[in-house]
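>>> just the structure for this:
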Amino acid sequence: MTLEVELVEVEERPMAAVRARLAMTDIPDKIFPLMDRVWAFIRTNGIEGFGHNIWLYGTPSGGEIDVEIGVQVPASFAATDEIVCSRTPAGKAACAVHRGDYAELPRVNQALVSWCRENGHTLAGRCWEIYGDWEEDPAKRRTDVYHLIA
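Predicted structure coming up:
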C-alpha cells in the first residue's frame, strides 16, 4: 500500500462523544449504535454548526481499545451522563488521507504507524479518524487518519 503521509500541526477541536471500551472484534457492530446516541444528543440539544464524525482512540491492549466516538461541534457544552464534551489532541501529527472503503482503515493505520517508525517519529498513543461526508460508493469515501507524535 502506497500511503502519502504528511506531518501537520493540529489544534484541539471540541467534539460530542460517547466513551467506551470495545473488543476489537465488536467494533463493526458497536460503532453505529454509539454514533446514533451522539447524533440523538446533538438533535435533542439543538447543536448547530456540527461537523464530521470522529473516532478518537488509544493503543489496543488485550484485544480491546478505549474509544471516543463522536461528532465535531463548534464549542464546548455541558456534558451528560452519557455524552461527554471531549477534544481531539493538539500538537504534531502524522496524517494520511484514505479514499475508499472503511474496511481498509486497519491497513491504513498499520501503514501510517510503519511510516512513523521508519522515519524516526515516536507515536504518542492517541489516534483519530475524521470521516468525510457520506458517499454511497465506498470508493468515494474520505477518511483523514491522524497519529499524534510525541
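>>> contacts for the lengthiest helix in the chain?
With secondary structure taken from DSSP state H, the chain has its longest helix at helix 27-44. By Cβ atoms under 8 Å, 6 or more residues apart in numbering, the residues outside helix 27-44 that reach it are 16-18, 20, 22, 47, 50, 53, 55, 65, 69-71, 73, 80, 82-83. No exception for glycine: its C-beta is placed from N, CA and C like everyone else's.
>>> again, 10 Å this time
The contact list for helix 27-44 (Cβ atoms under 10 Å, 6 or more residues apart in numbering) reads 15-20, 22-23, 47-48, 50, 53-55, 57, 65, 67-71, 73, 77, 79-80, 82-84, 102-103, 106, 131.
>>> buried subset of these as a PyMOL selection?
One line in PyMOL is enough to select the buried members of those, burial here meaning 16 or more other Cβ atoms under 10 Å:
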select buried, resi 15+16+17+18+22+50+53+54+55+57+65+67+68+69+70+71+73+77+83+84+131
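>>> in helices only, show me the contacts of helix 27-44.
residue 106.
>>> how about the longest helix of the chain: buried residues?
When burial is assessed from 16+ other Cβ under 10 Å, helix 27-44 yields the following buried residues: 30-31, 34-35, 38, 41-42.
>>> can you pull out the strands in the chain?
5-10, 14-23, 53-57, 64-72, 84-87, 91-99, 123-131, 142-149 (DSSP state E).
>>> and the shortest one, how far out from the chain middle?
Between the mean C-alpha location of strand 84-87 and the chain-wide mean there is a distance of 13 Å, by Cα atoms, centre = their mean, to the nearest Å.
>>> quick check, nearest of the buried residues of helix 27-44 to residue 7?
Nearest to residue 7 out of these is residue 31 (Cβ to Cβ; 28.1 Å).
>>> which stretches of the chain have low pLDDT?
Counting by pLDDT under 70, the chain contains low-confidence ranges at 1.
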